[in-house]
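Chemist: Kindly generate the corresponding structure for this input.
(chains A and B)
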Amino acid sequence: MFALLRRQKVRNALLQIFFVGTIAAIVIGGWLNAQQTLERQRIVSGFDFLWRSTGWEGNFSLLAATPNDPYWWFFVVGLVNTLFLGVIGLLLATFVGLTVGLARISSNEVLRFLGRIYVDFFRNIPLILQVFFWYAFVTHMPAPRAAYDLGSLKISSRGIYAPVPNVQWEFLLASVVCVVAAIVVPIWLGGTRYLSRPPEQRRGLRVAACLGLLALAVLVFAAGGKAGEPLFSVPELQGLNLRGGMRISPEFSALAIAMALYGGAYIGEIVRGGFKAVGRGQIEAAESLGLTPWRIFSHVRLPLALRAMLPILANQYIWLIKATTLGITIGFTDFFMVVAITINQSGNTLEAIGILMAGFLLVNLSLGALFNHVNKAIALKGNQLRS
Amino acid sequence: MTRTNQSETPAVLIEAMSKSYGSFKVLRDINLRVPRGEKVVVCGPSGSGKSTMIRCINRLEQHDEGRISVLGTELNDDVARIDEIRREVGMVFQHFNLFPHMTVLENCVLAPTLVRRTPRADAEAIAMRYLEKVRIPEQALKYPGQLSGGQQQRVAIARALCMQPEILLFDEPTSALDPEMINEVLDVMVTLASEGITMICVTHEMGFARRVADRVIFMDGGEIVEEGPPETFFVAPSSERTKKFLSQVLRH
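Modeler: Residues are numbered from 1 along each chain as shown, chains lettered A, B, ... in the order given. Take a look at the predicted model:
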């Protein structure tokens, strides 16, 4: 018996069983306890509330929602809003971050200084304060009657009004596909081995393919127009308010601006670190081959820096997605806010919070998985010698 | 580039060149004339300025005083001129400095296609020719990290050759290699030397210097202390410093 206990494998197995058993006991105990307590307080638990109608309206939603819709639909609406804010916020933050990061590694002293000031300023003020500031900022824009008029884009205290395509959605989708193809097909033509003509002599073909597909996109778009209506719905002042076009709520723009500027400061540092991680030797090798600074940047520094940045960038992106929950402080109808209201109205606290956590786990685990995949695909092959 | 009388303009001409880092003088009053096709080996203790000197030739380092002319073109702040010279001067580094995100073939094709605008197919054919010359054509589609140090250094030599330069600079090409890999790199260098390219090579491989060099230069404390053909340099060095250095390197 004791001899058996001295075996490493047996010990490991016993330890494993002990751990799993303890954790299972804690979880089951907690679950039973919660159920008993809820019953004693006469709170109905379960997920039936999801199918009841809510009776409230969100102030911003990409998907249509009415007070008669059930809770589960509002959860979907909230999650889609969160994702939309997340995607826009991340894109803007990445753009700001790239600009700031490149400024910080530039050889120009003034640019470096400005980059540093930017990072020091935006990184050291709490995000919630920045959200409040930008919310105050965008709601202090002029009233719709006196809205800033940038062509067909109107900026007012009730939000930013932008023109949107007014065509049947199938045609819109087909048109977008054509535009994407106009970018992808010429690139494919440049590299493919299916053509007998050598790659250097394909320029005409590529230009023709690009222009042809763009023309097709325009035609498809025009064909999808609704009878008697213009192809674009343009915001216009009617009475005291702006009508038509798409309204981007002040809550959304405040959050997107705050995420872009705050996240941009962090991403800027990641970008800087990534470029600093590129070996001096590789740059010198590129220089000694006569490559111009731009070519060295695009073919050597950027690809290598990107590989160094990616893991940390994934971390930052996940962090920023979680930061969208600050939307509740200024009344943006995101996933968190929908859940908070649900808890207030239905009393199904544990279930609603469970759904909230599951939703964020789903989003962030998917994002993490995507980054892992990309990371593996572009990882440097073999052993790396640092020089 | 004005190239009057090709054969008479030396490959490299350094006149009264000095360089300092702050108050520390790394190079003092260097004078060196390397005719086309000559093989020069530069040796000396570490910190003697040999690497800095050859790095000045393709302007990875800037000199402070004096003049450097490469193939008849003087090196100065003119960026276009620097690029023009770098096209004709290949360099092989101590730590290989291959681009780790590109295959061996892509490493070799990059500069010819971008800088010389050679069509891709031609550049690949040239690259395969040089990879055969350094005896690793079968590794063309691998990544640098998947090769041994000796193989990587041979790829680095092939990459420099793909630009078809007139001058090749070697900066301690075997110092970072395991002993059993040094010879495969030296063999390639010996082959190259027999083909008439101008070579300036910083190295501690005295056997290589004996076999290949037309001239050996000994540097110490930022100056050229002694120079001469390998026969006289190794057999009858004139300065004390050279004697001391040689006794240290050749002891074993």
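
Chemist: from here on, contacts and neighbour counts on C-alpha atoms
Modeler: OK.

Chemist: Contacts for whatever helix or strand A:A285 lives in next, please.
Modeler: Under the criterion of DSSP states H and E, A:A285 resides in helix A:280-288. Here helix A:280-288 makes contact (Cα atoms under 8 Å, 6 or more residues apart in numbering or on different chains) with A:293, A:296, A:300-301, A:387, B:58, B:60, B:86-87, B:89-91, B:93, B:95, B:97-99.

Chemist: Which among those count as buried?
Modeler: Using 16 or more other Cα atoms under 10 Å in any protein chain shown as the burial test, the contacts of helix A:280-288 include A:296, A:300-301, B:58, B:60, B:86-87, B:89-91, B:93, B:95, B:97-99 as buried.

Chemist: On the three-state scheme, A:V339 is what?
Modeler: helix (DSSP: H, G, I helix; E, B strand; the rest coil).

Chemist: residue contacts, residue 57?
Modeler: Going with chain A. A:E57 neighbours (Cα under 8 Å, 6+ apart): A:A65, A:T66, A:P67.

Chemist: could you do chain B instead?
Modeler: Neighbouring residues of B:I57 by Cα under 8 Å, 6+ apart: B:V12, B:I68, B:V70.

Chemist: Repeat that for A:V218.
Modeler: Per Cα under 8 Å, 6+ apart, neighbours of A:V218: A:S175.

Chemist: so who does B:A158 touch?
Modeler: Neighbours of B:A158 in contact, by Cα under 8 Å, 6+ apart: B:C108, B:A127, B:Y130, B:L131, B:K133, B:V134.

Chemist: Identify those among the contacts of helix A:280-288 that sit within helices.
Modeler: A:P293, A:I296, B:R86, B:R87 (DSSP state H).

Chemist: From those, pick the one nearest A:L189.
Modeler: Of all those, A:L189 sits closest to A:I296, with 25.2 Å by Cα to Cα.

Chemist: and B:G145, which of the three is it?
Modeler: Secondary structure assignment for B:G145 (three-state DSSP): helix.

Chemist: can you list the weak-confidence ranges in the chain?
Modeler: Just going to use chain A. A:1, A:58-60, A:199-200, A:385-387 (pLDDT under 70).

Chemist: Oops, wrong one, chain B.
Modeler: Ranges of chain B meeting pLDDT under 70: B:1-7, B:251-252.

Chemist: Closest residue of it to chain A?
Modeler: Taking Cα to the nearest Cα as the measure, the point where chain B comes nearest chain A is B:G145, at 4.0 Å.

Chemist: Setting aside sequence neighbours, what's the nearest residue to that residue?
Modeler: A:G382 (4.0 Å; Cα to Cα, 6 or more residues apart in numbering or on different chains).

Chemist: so which helix or strand takes in that neighbour?
Modeler: Using DSSP H and E, A:G382 sits in no helix or strand.

Chemist: for it, what are its contacts?
Modeler: B:Y143, B:P144, B:G145, B:Q146, B:L147.

Chemist: Surely the first one touches B:T103?
Modeler: Going back to what we said before, that points to B:Y143. Yes. If you go by Cα atoms under 8 Å, B:Y143 and B:T103 touch, sitting 4.4 Å apart.

Chemist: So for those two, which sits in the more crowded spot?
Modeler: Using other Cα atoms under 10 Å in any protein chain shown, the more surrounded residue of B:Y143 and B:T103 is B:Y143, with 23 against 20.

Chemist: How many neighbouring residues does the residue lying closest to A:C178 once chain neighbours are set aside have?
Modeler: Leaving aside its sequence neighbours, A:C178 sits nearest to A:A217 (Cα to Cα, 6+ apart; 5.1 Å). For A:A217, the neighbour count with other Cα under 10 Å is 24.
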